Every structure is written in C-alpha cells, then in structure tokens.
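Asker: model this:
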Amino acid sequence: MHISSSAAVYVISVAADLAGMHPQTLRQYDRLGLVSPERTAGRGRRYSGKDIAKLRLIQQLSQDEGVNLVGIKKIIDLQNQVDALRSRNEELEDEVRARRAAQERDARVFAAGTVGGDVVSISRGRRPQGRPEPGALVLYNRYRRS
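Answerer: As a prediction, this is how the structure comes out:
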C-alpha cells in the first residue's frame, strides 16, 4: 500500500519529531498560517509528508538563513503562486498543442483544377477528381478557414 505525500497521517507529536521541532512550534506555525494541517472530526491536527517538508523548509529558512516568520510566510506564498502559475502555463501549453494538432488535422489543400486551371479546395489526404495536368500547381494552406 502506497501512501501519498499529501495524505494527512501524522499526529502533532510525530510530525514535530520528524521535523525536529517542539509541538508548540507547530501550533504557532498553524496559527500564523505557515503550515495548515488537515483536521480530524475532533479538531486534532494531522500532518502530511508535504507538511513535514514545509516545516523543515521553515526551520532551514529561520535557523540557517536568518529569515523571520513574516519573511518565511511571504516566501511560501510566492512559491505557491509560482506553482499555480507553472501549472496554468502547462495547461495553456497543452491547449495550444491540441489546437495546433486540430489545425493540422483540419488543414485544407488547394489544387489547380484539370479544366481551365480553376483552383479547387480538397480535404487533406484526398486527391482532386481526375489527375492534375502535368506541371499543375498544388498549394497547401496550413490555416483552417471557418
């Protein structure tokens, strides 16, 4: 059985041990909104693996880098914003790829007709009725017209 890193499974005492902090520190971080663990029906805190990683980051920024709690809150908020923007960017890139694929699929081909050199529109992958005259010009249009 695999437990996801976002599954809230650790009680506060275990989470504090894993993060190398006192449980009261975790309560303070919860009040400040730095780490917001899941709650049980009885309002007990349950920390996930991601919460533990965030607690370790807070500890590193605070102790090793000398960043105060307000600065840490801003750093975490900015990281969350970057993650959201990165996710949205990936969604938009997927949408652009899908639209380009649809355009390629729906592209039309223009060919010179066999009589009088008329230009005819045909679906991609199809040939004009009859064969074009030798030397007839066949054009490809990438853009679909509505």
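Asker: Name all residues that make contact with residue 14.
Answerer: Contact partners of residue 14, counting by Cβ atoms under 8 Å, 6 or more residues apart in numbering, are residue 47. Placement of C-beta: from N, CA and C, glycine included.
Asker: Please, which helix or strand holds it?
Answerer: In this structure, residue 14 is located in helix 12-19 according to DSSP states H and E.
Asker: what angle sits between the next helix or strand after that helix and helix 12-19?
Answerer: For helix 12-19, the succeeding helix or strand toward the C-terminus, using DSSP H and E, is helix 23-32. Angle between the axes of helix 23-32 and helix 12-19 is 100 degrees (criterion: axes from the mean of the first three to the mean of the last three Cα atoms, to 10 degrees).
Asker: Mind listing what's buried along helix 23-32?
Answerer: 23, 25, 26, 29, 30 (16 or more other Cβ atoms under 10 Å).
Asker: Give me the helices and strands touching the next helix-or-strand element following that helix, please.
Answerer: Using DSSP H and E, the helix or strand that follows helix 23-32 in sequence is strand 38-39. The contact analysis (3 or more Cβ pairs under 8 Å, 6 or more residues apart in numbering; DSSP states H and E) places strand 38-39 against strand 45-46.
Asker: just to revisit the earlier point, could I get the average pLDDT for the helix holding residue 14?
Answerer: Helix 12-19 comes out with an average pLDDT of 94.
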